[in-house]
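In: here's my sequence, what's the structure:
(one chain, ligands or ions: 1)
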Amino acid sequence: MVIITYLYVGIDDTDSPDGMCTTYLACHIIRKLKENGISLVDYPRLIRLNPFARFKTRGNGGVAFKIFNDDKADLAKQIILDEVSALSMFDCDNTNPGVVFYDGEITEKMKEYAFRAIYEFITIDEAEKFGKSVGCELHKFKKGRGIIGSIAAISLPLEDFTYELLAYRIPENYGTKRLIDYDSVIEMDKKTFPDTFENVDYSESYIAIEPKTPCPVLYGIRSNNVESLDIARETVKVNEPIEDYCIFLTNQHTDMHIQKADNICEMKQFGCYEVIGTVKDSPHVIDGGHMFFTVFDESGEIECGAYEPTKDFRKTVSHFREGDVLRLYGGIGEQNTFNIEKFQVIKLNDIEYRNPVCECGKTMTSAGKNKGFKCKRCGSRISSSQKVNFKIERLLNEGQFYETPVSARRHLSKPICRM
Ligand SMILES: [Zn+2]
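Out: Below is the predicted model of the structure:
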């Protein structure tokens, strides 16, 4: 009997804000492995961690893949370590690559570790101790912070997942304007949405498959399945050479970073949550265009923010009224403000208390404290000081979800089209 075992490989923190990107390095390594007769089992994984990770490099995502643990496994390890040494952005202080090899079963403990890397923070020391305790082979470059995400990328179970097709530029073109035919992107979106999504931000009229940084990625297309990516790849036209493509299985767009909080007080700084709260005050804008409001429940209250980069989402938020009940999704940042990514309206407060209208048609005014109302036009009086319930028109709909524009969305945020 032959028992098949796998060698899991995790790679993280090889990139810097202005070059390289761990997915490109992985794609490069996968090609080298193939040239040596070593194939991947399944798609490589791109795993995003806690969006608030303090020392994050751009994107904060680790890559993992698995191969058969056979007589070529040692050659594979050598190729991987050589390529990481050759291609990582070692000049950047914040780039501290880590490579992890693992040839056992993915245990419950490892899964727990992976969720902690998404919900909380793990230090290099902790990751090192944990990795050794479960039998990982760890390779640290410089400070080796990448081992944190590498272990998580190997270990994370994916109940919900998406795919991302990445096309890479040839090195000569790095940093130059990307030559993507925008009309073909819109055509691709029309053909494949909602199987693919976040291709175009129609509200901000920009092409969202194109990165904003000078990295090797020419474009990235996200999807629920591989078939739609094939159509998308054929439809999108570019006027520059493509060095390579790679499809990653990812936890992006799954809301995996979001934990359900039973109440507001339970939420901690740098965590991301779903919570139900009632609006306490009308939203207000401060300098810089950020919008704030407060929500409360029986446990306490928290200030919520819709920041300037969320653009038109702020307009939606501005319609909140005191008493509205909302299901909010977001993360608690540096200032202890709950940054809203998305919300669902549970109950709208559509009652306004107004002065009664006189029989003559004029709105009455107060006749003094507890003295009822009087009409300034015809002199009529009402003895009751009770204001009248008036049903007002609301621009939001109960039950509906509202989200930030694509440009302001986190990698992990689940778009409404996937809910
Ligand atoms: Zn009157």
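In: which residues in the stretch 251-400 of the chain form helices?
Out: Along the stretch 251-400 of the chain, the stretches classed as helices by DSSP state H, counting those that start in this stretch are 313-317.
In: any weak-confidence spans in it?
Out: The stretch 251-400 of the chain contains no residues with pLDDT under 70.
In: get me the contact residues on it for the ion.
Out: Contact residues, the stretch 251-400 of the chain versus the ion (Cβ under 5 Å from the ion): C358, C360, K362, C375, R377, C378, S380. C-beta here means a position set from N, CA and C on the backbone, and glycine is covered the same way.
In: 8 Å instead?
Out: Selection of the stretch 251-400 of the chain residues close to the ion by Cβ under 8 Å from the ion yields C358, E359, C360, G361, K362, M364, C375, K376, R377, C378, G379, S380.
In: closest one of those residues to I332?
Out: Distance to I332, by Cβ to Cβ, is smallest for M364 among these, at 46.3 Å.
In: ok, which stretches of the stretch 251-400 of the chain are strands?
Out: 258-260, 272-279, 284-285, 291-297, 300-306, 325-332, 338-347, 351-354, 365-366, 373-374, 381-382, 388-391 (DSSP state E, counting those that start in this stretch).
In: distance to D230 and mean neighbour count added to the ones you listed, as TSV?
Out: Converted to TSV, the strands of the stretch 251-400 of the chain look like this (distance: least, Cβ to Cβ, whole Å; neighbours: other Cβ atoms under 10 Å):
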stretch	distance to D230	mean neighbour count
strand 258-260	31	16
strand 272-279	33	22
strand 284-285	45	12
strand 291-297	41	19
strand 300-306	37	20
strand 325-332	32	21
strand 338-347	30	21
strand 351-354	53	12
strand 365-366	69	12
strand 373-374	70	20
strand 381-382	72	14
strand 388-391	52	11
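In: possible to save those strands as CSV with distance to M110?
Out: As requested, the strands of the stretch 251-400 of the chain are arranged in CSV below (distance: least, Cβ to Cβ, whole Å):
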stretch, distance to M110
strand 258-260, 19
strand 272-279, 22
strand 284-285, 45
strand 291-297, 35
strand 300-306, 33
strand 325-332, 25
strand 338-347, 28
strand 351-354, 52
strand 365-366, 68
strand 373-374, 70
strand 381-382, 72
strand 388-391, 55
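In: coming back round to it: drop anything exposed from the residues of the stretch 251-400 of the chain next to the ion.
Out: Neighbour counting over those (16 or more other Cβ atoms under 10 Å) leaves C358, M364, C375 as the buried ones.
In: secondary structure class for G175?
Out: coil (DSSP: H, G, I helix; E, B strand; the rest coil).
In: and the residue of the stretch 1-150 of the chain nearest the ion?
Out: P51 (58.7 Å; Cβ to the ion).
In: tell me the confidence at that residue?
Out: pLDDT for P51: 85.
In: what's the answer for M20, then?
Out: 59.
In: same check on the one 5 residues further on?
Out: The model reports L25 with a pLDDT of 90.
In: what about it, helix or strand, and which?
Out: helix 22-35 (DSSP states H and E).
In: kindly export that helix (C-alpha atoms) in PDB.
Out: Only the C-alpha atoms of helix 22-35 are listed here, as PDB (Å, rounded to 0.1, in the frame of the first residue of the first chain):
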ATOM      1  CA  THR A  22       4.200  37.500  -3.000                       C
ATOM      2  CA  THR A  23       1.700  36.200  -5.500                       C
ATOM      3  CA  TYR A  24       4.100  37.000  -8.400                       C
ATOM      4  CA  LEU A  25       7.000  35.300  -6.600                       C
ATOM      5  CA  ALA A  26       4.700  32.300  -6.000                       C
ATOM      6  CA  CYS A  27       3.700  32.200  -9.700                       C
ATOM      7  CA  HIS A  28       7.400  32.300 -10.700                       C
ATOM      8  CA  ILE A  29       8.200  29.500  -8.300                       C
ATOM      9  CA  ILE A  30       5.300  27.400  -9.600                       C
ATOM     10  CA  ARG A  31       6.700  27.800 -13.100                       C
ATOM     11  CA  LYS A  32      10.200  26.700 -12.000                       C
ATOM     12  CA  LEU A  33       8.700  23.700 -10.200                       C
ATOM     13  CA  LYS A  34       6.800  22.700 -13.300                       C
ATOM     14  CA  GLU A  35      10.000  22.900 -15.400                       C
END
